[in-house]
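Visitor: Give the three-dimensional model of this entry:
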Amino acid sequence: RRNDIARAGQGYPGHCGLYETGAGKPLGGPLGARRAVIFAREVIKFRVRFIAMQRGERVGLMRISAPVVGLGLAASIALSGCSKPPAQYAVEEVPLAQISADLAAGKTTAVAVTKAYVERIKAKDGALHAVIAIAPDALEQASASDARRKAGKAIGPLDGIPVLVKDNIDAVGMANTAGSYALIDNKPAKDAEVIRRLREAGAIIVGKANLSQFAGFRTITAFNSSTVGGGTHNPYNLDRGTCGSSSGSGAAAAMSFAAAAVGTETDGSVVCPSATNGLVGIKPTIALVSRRGIVPISHTQDSSGPMGRSVMDVAMLLTAMAGSDAADPSSAEADAHKVDYAKGLDAGSLKGARLGVLRKTQGSSDATDPVYSAALDVLKAQGAELVEIPPEQLEDLSQEQLTVLLYDFKQDLAAYLATTPPAVKVRTLADLIAFDKTEEHEKSHAQDVFEMAEATTDFSPTQIARAHDFHEQIRPWQLAAVVVSVIVPIALEIGRAHV
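Guide: Sure, this is the predicted structure:
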């Protein structure tokens, strides 16, 4: 009787296949939801009649015994797991945390989410130039995530979450160009530590985001783009810029090309694009996140950082990214300080915190000042103590900082280039300068910062100490943090700010 019912359901466009208990064989192929209910009802009827006949009871008068109730429960449980999530998933403006919750609840799959982002990139990135490359194995990564979840072995909240990473971070399967044709054949054999950690957490590395070439350290003149990826445009207004150097990461995250993005920062390159594109961005404490496998500017100031739609989103990413790495000695104490930043989010955690207020900075304007003041009111309402810092009491240390960065770049770039495959022909900053002078795509762009860095020989301990004097300047106020208006968000100018 079961086989007759099963055969009647063959070819029905259904949600799952039913399997005969113990045998592990398909029972008549896929059944639709309606057919499955009919099938379960008929199976239970059959079992009831069979048990009744065994006991010599009249079928119409029998009481349903515990084994039959158990059969009914088993059928119900089996059927409840039969419905599959929709094949499509709308990703526009959806926070990472919501996608994570939907994956955990079975409302979607990693494949559906990843497909949606890939299709969105292909359809909408033409005018933005936010993405340099889509990972060729993006859907394979997603399928592996779905398989883990189906087996009850989901790794954690980032399992199945597609993330874009800046194209100066080593990720196996894609070239790491830093936006330059000098590194067009730089296909790493090993992931950067931050990528390794994201993969370990189950994240899908969906592609590489555009950037200011060499993280904006090639020239002082305006070159907020790359020869490989072109000039990135702001998704809120194509006539406006994105800020850099994590320009593609900012535009891509704002445009919903991934659930979130990873940028890098030496001096504003995560914070500025985040502000300009209406996102949340975090530059972590130096070496809380390993720098191994990232095209550098300066080991003194470099860090990678998460960029996303909410504080929760970036906290979830940072939790996976942070940690010690023997290949980055400065990160030795990272594990001792790392926590679950998402679980640590608490509106009451600001009570008693002393926050410095630094007004009239470069982000000050008629548009941003009211938003800045409103944000301060929120912080105060949550218990923070606001401390005004007179700007005139802070000394400009930008020249000292530049001296350190120039020296570090020359040394640190050579150290990174030594790890690249033989196909990469430049091995020193001098090689890179020579390459740029003759290469078709590079020769029309200035490289004055490269040349300044190549001219460095050494700097004194006094200079590096002076470059860090900002911390000494604010130490008397005993502050937990300083709140600054960074830049005017384009989103705010046209009324779509994420405030």
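Visitor: Run through the helices of the stretch 351-499 of the chain in chain order.
Guide: Ranges of helices within the stretch 351-499 of the chain are 368-381, 398-417, 429-438, 448-454, 461-467, 469-474, 490-493, based on DSSP state H, counting those that start in this stretch.
Visitor: before we move on, what about the stretch 201-350 of the chain?
Guide: Counting by DSSP H, counting those that start in this stretch, residue ranges of the helices within the stretch 201-350 of the chain are 247-254, 271-276, 311-321, 334-337.
Visitor: Switch those over to TSV; also include distance to Ala215, mean pLDDT and mean neighbour count.
Guide: The way it works is simple: take the backbone N, C-alpha and C, and place the C-beta from them, glycine included. Written out in TSV, the entries for those read as follows (distance: least, C-beta to C-beta, whole Å; pLDDT from 0 to 100; neighbours: other C-beta atoms under 10 Å):
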stretch	distance to Ala215	mean pLDDT	mean neighbour count
helix 247-254	10	97	34
helix 271-276	12	92	28
helix 311-321	18	98	24
helix 334-337	22	97	12
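Visitor: Would you format those as a markdown table with distance to Leu479 included?
Guide: Below are the helices of the stretch 201-350 of the chain laid out as a markdown table (distance: least, C-beta to C-beta, whole Å):
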| stretch | distance to Leu479 |
| --- | --- |
| helix 247-254 | 27 |
| helix 271-276 | 18 |
| helix 311-321 | 20 |
| helix 334-337 | 19 |
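Visitor: can you tell me which of those comes nearest to Val163?
Guide: Put simply, out of the helices of the stretch 201-350 of the chain the one that sits nearest Val163 is helix 311-321, at 7.3 Å, with distance taken as C-beta to C-beta.
Visitor: Can you tell me what sits against that closest one?
Guide: With contact meaning C-beta atoms under 8 Å, 6 or more residues apart in numbering, helix 311-321 is reached by 95-97, 100, 156-158, 163, 194, 197-198, 200-201, 203, 259-260, 262, 280-282, 284, 289, 304-308, 338-342, 344-345.
Visitor: do that again at 7 Å, thanks
Guide: The contact list for helix 311-321, computed with C-beta atoms under 7 Å, 6 or more residues apart in numbering, reads 95-97, 157-158, 194, 197-198, 201, 203, 260, 280-282, 284, 289, 304, 306-308, 340-342, 345.
Visitor: just for the protein, where's the confidence low?
Guide: Counting by pLDDT under 70, the chain shows low-confidence ranges at 1-83, 222-224, 362-363, 459-471, 486-499.
Visitor: give me that answer again for 90
Guide: Within the chain, the stretches falling below the threshold (pLDDT under 90) are 1-87, 220-225, 239-241, 275, 346-349, 358-372, 390-404, 457-477, 481-499.
Visitor: just so I have it, where are all the strands in it?
Guide: 16-19, 26-31, 131-134, 162-166, 204-209, 225-226, 230-231, 260-265, 280-281, 303-308, 354-358, 385-388, 481-484 (DSSP state E).
Visitor: Make TSV from those strands and add mean neighbour count and distance to Leu318 to it.
Guide: Shown next, in TSV, are the strands of the chain (neighbours: other C-beta atoms under 10 Å; distance: least, C-beta to C-beta, whole Å):
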stretch	mean neighbour count	distance to Leu318
strand 16-19	16	38
strand 26-31	19	43
strand 131-134	23	22
strand 162-166	31	12
strand 204-209	29	17
strand 225-226	28	26
strand 230-231	15	29
strand 260-265	30	10
strand 280-281	23	11
strand 303-308	28	5
strand 354-358	17	20
strand 385-388	14	25
strand 481-484	16	16
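Visitor: Could you export those as a markdown table, including distance to Asp369?
Guide: What follows is the strands of the chain, written out as a markdown table (distance: least, C-beta to C-beta, whole Å):
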| stretch | distance to Asp369 |
| --- | --- |
| strand 16-19 | 58 |
| strand 26-31 | 62 |
| strand 131-134 | 34 |
| strand 162-166 | 31 |
| strand 204-209 | 31 |
| strand 225-226 | 30 |
| strand 230-231 | 30 |
| strand 260-265 | 25 |
| strand 280-281 | 20 |
| strand 303-308 | 24 |
| strand 354-358 | 12 |
| strand 385-388 | 15 |
| strand 481-484 | 12 |
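Visitor: Minimum distance to Gly173: which of those strands has it?
Guide: strand 204-209 (8.1 Å).
Visitor: correct me, but Gly173 touches Ile134?
Guide: No: applying C-beta atoms under 7 Å as the test, Gly173 and Ile134 come out as separate, 10.6 Å apart.
Visitor: Out of the strands of the chain, the one nearest Val118 is which?
Guide: When the strands of the chain are ranked by proximity to Val118, the top entry is strand 131-134, at 5.9 Å, counting by C-beta to C-beta.
Visitor: closest one to Gly106 among the strands of the chain?
Guide: Distances from Gly106 to each of the strands of the chain were compared using C-beta to C-beta; the shortest belongs to strand 16-19, at 12.6 Å.
Visitor: quick one: Pro95 and Ala315, what's the gap?
Guide: When C-beta to C-beta, to the nearest Å is applied, the distance between Pro95 and Ala315 equals 12 Å.
Visitor: Tell me which residues touch Arg197, please.
Guide: Shown here is Arg197, whose contacts under the criterion C-beta under 7 Å, 6+ apart are 320-321, 323.
Visitor: Also Asp185?
Guide: Asp185 touches 175, 423-424, counting by C-beta under 7 Å, 6+ apart.
Visitor: which of the residues you listed lies closest to Glu451?
Guide: Comparing these against Glu451 with C-beta to C-beta picks out Val424 as the nearest, at 21.0 Å.
Visitor: if we can go back for a sec, among the helices of the stretch 201-350 of the chain, which is nearest Glu442?
Guide: Counting by C-beta to C-beta, Glu442 lies closest to helix 247-254 out of these; the figure is 18.4 Å.
Visitor: which helices and strands does that closest one pack with?
Guide: On a contact count with 3 or more C-beta pairs under 7 Å, 6 or more residues apart in numbering; DSSP states H and E, helix 247-254 meets strand 131-134, strand 162-166, strand 204-209, strand 260-265, helix 271-276, strand 303-308.
Visitor: Including distance to Asp366, could the ones you listed go into a markdown table?
Guide: Converted to a markdown table, the helices and strands packed on helix 247-254 look like this (distance: least, C-beta to C-beta, whole Å):
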| stretch | distance to Asp366 |
| --- | --- |
| strand 131-134 | 34 |
| strand 162-166 | 32 |
| strand 204-209 | 32 |
| strand 260-265 | 28 |
| helix 271-276 | 16 |
| strand 303-308 | 27 |
